[in-house]
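1. Sequence first, predicted model second:
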Amino acid sequence: MNDFRKISCMFIVYFIKGTYAILSLMTKIAILSDLHGNMPAIEKVLADLKTRQIERVFCLGDLASGPLWPRETIELLMQKDWVFVRGNHDRNLVERAPEKLGDSDAYAYKQFDRKHLDWLATLPATLEIENTFLLCHGSPTKDTTYLLESIENGRVRLSTPEEIKPKLNGIRLPILLCGHSHTPRMVTLESGLTIINPGSVGLPAYEDASDGYFVVECGSPHARYAVIEKTMEGWKTEIVLLPYDHELAAAQAHKNKRPDYEIGLRTGFMRGDSIPIYG
Ligand SMILES: [Fe+2]
Ligand SMILES: [Fe+2]
């Protein structure tokens, strides 16, 4: 090979390597969680994803449970080539006896066929991706743990680093993606670990009686998700809040006799303990 061909080959190799490096730096990932069967919200998010050159979607569970459109949601999600982990509600649907399901899961269960449950049963509890991301629903060890929130005076607040650290199970990957609290946040710990919760696509407020009564309220009816993108300076993170036809979702909750979902979907707030507790 003469010198000119050698230099040409080297140039091509460096060009390909450089292009690949730039492209990998530009990778845009959408993070979705807690869809809870809210089809109008999901459709709005899907339309938004199309405008953003998203290459990958990570979905963190609680997919279809609730008094909205569980069957339509699961049918849609089963066709997606997204990366999924399961949420506590997804786990309930495949592990609990039907008569022991709470109201939200029971509504979904009645609309599901065997194939829907079989698909849910394939979803992992956690997933490591490319030595960079750990995906989970609650915490790395428990899908019902509020990783970034502590309950105080009947509502959730941002936890301190000291409260968060014991729940991490010694994670060694740089980015932890979690859901469950429906509260969008990004937290960076002293160790360099970044934790991102994208909030909830389908349910901006709810009440919980699992650990004493408390409410989670995001304060507006928007659908929420996150987009992360690697840049030279680090991970650029955008929490996206999308207006959508939330009255349609609230009307569906009303039709299915769930005043808690109805008020949460309509306003992003709860009325407190005047609403009966649902499972
Ligand atoms: Fe959820
Ligand atoms: Fe959850």
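-> In hand now; what should we look at? Numbering: from 1, shown residues only. Ligands and ions are numbered 1, 2, ... in the order given.
2. Excluding chain neighbours, what is closest to the residue nearest to the spatial centre of the chain?
-> Among the residues of the chain, the one closest to the centroid is residue 33, at 1.6 Å (C-alpha atoms, centre = their mean). Of all residues not flanking residue 33 in the chain, residue 179 sits nearest, at 3.0 Å (C-beta to C-beta, 6 or more residues apart in numbering). Glycine gets a C-beta too; all of them are placed from N, C-alpha and C.
3. Next up, the contacts around that neighbour.
-> Residues in contact with residue 179 (C-beta atoms under 8 Å, 6 or more residues apart in numbering) are 33-34, 60-62, 87, 137-138, 197-198, 200.
4. Among those, which ones lie close to ligand 1?
-> Residues of those in contact with ligand 1 (C-beta under 5 Å from the ion): 34, 62.
5. I'd like the contacts of residue 179 as TSV, with distance to residue 80 and secondary structure appended.
-> What follows is these, written out as TSV (distance: C-beta to C-beta, whole Å; DSSP: H, G, I helix; E, B strand; the rest coil):
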residue	distance to residue 80	secondary structure
33	14	coil
34	16	coil
60	14	coil
61	14	coil
62	16	coil
87	16	coil
137	17	coil
138	22	coil
197	21	strand
198	16	coil
200	18	coil
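6. Could you list the low-confidence segments of the stretch 151-279 of the chain?
-> 272-279 (pLDDT under 70).
7. Remind me which helix or strand the closest residue to residue 96 other than its chain neighbours belongs to.
-> Leaving aside its sequence neighbours, residue 96 sits nearest to residue 105 (C-beta to C-beta, 6+ apart; 7.3 Å). Here residue 105 sits within helix 103-111, counting by DSSP states H and E.
8. for that helix, the distance to its chain's centre please.
-> With C-alpha atoms, centre = their mean, to the nearest Å as the basis, helix 103-111 stands 20 Å off its chain's centre.
9. hmm, it touching ligand 1?
-> No - judged by C-beta under 5 Å from the ion, helix 103-111 stays clear of ligand 1, getting no closer than 9.1 Å.
10. Return the set of buried residues in that helix.
-> For helix 103-111, the neighbour count (16 or more other C-beta atoms under 10 Å) marks 103-109 as buried.
11. What about residue 74, how many residues nearby?
-> Residue 74 is flanked by 24 other residues according to other C-beta atoms under 10 Å.
12. In this structure it contacts residue 116, no?
-> Yes - the pair residue 74 / residue 116 is scored as a contact, 4.7 Å apart, by C-beta atoms under 8 Å.
13. Ligand 2 contacts on the chain?
-> Checking the chain against ligand 2 by C-beta under 5 Å from the ion, the hits are 62, 87-88, 180.
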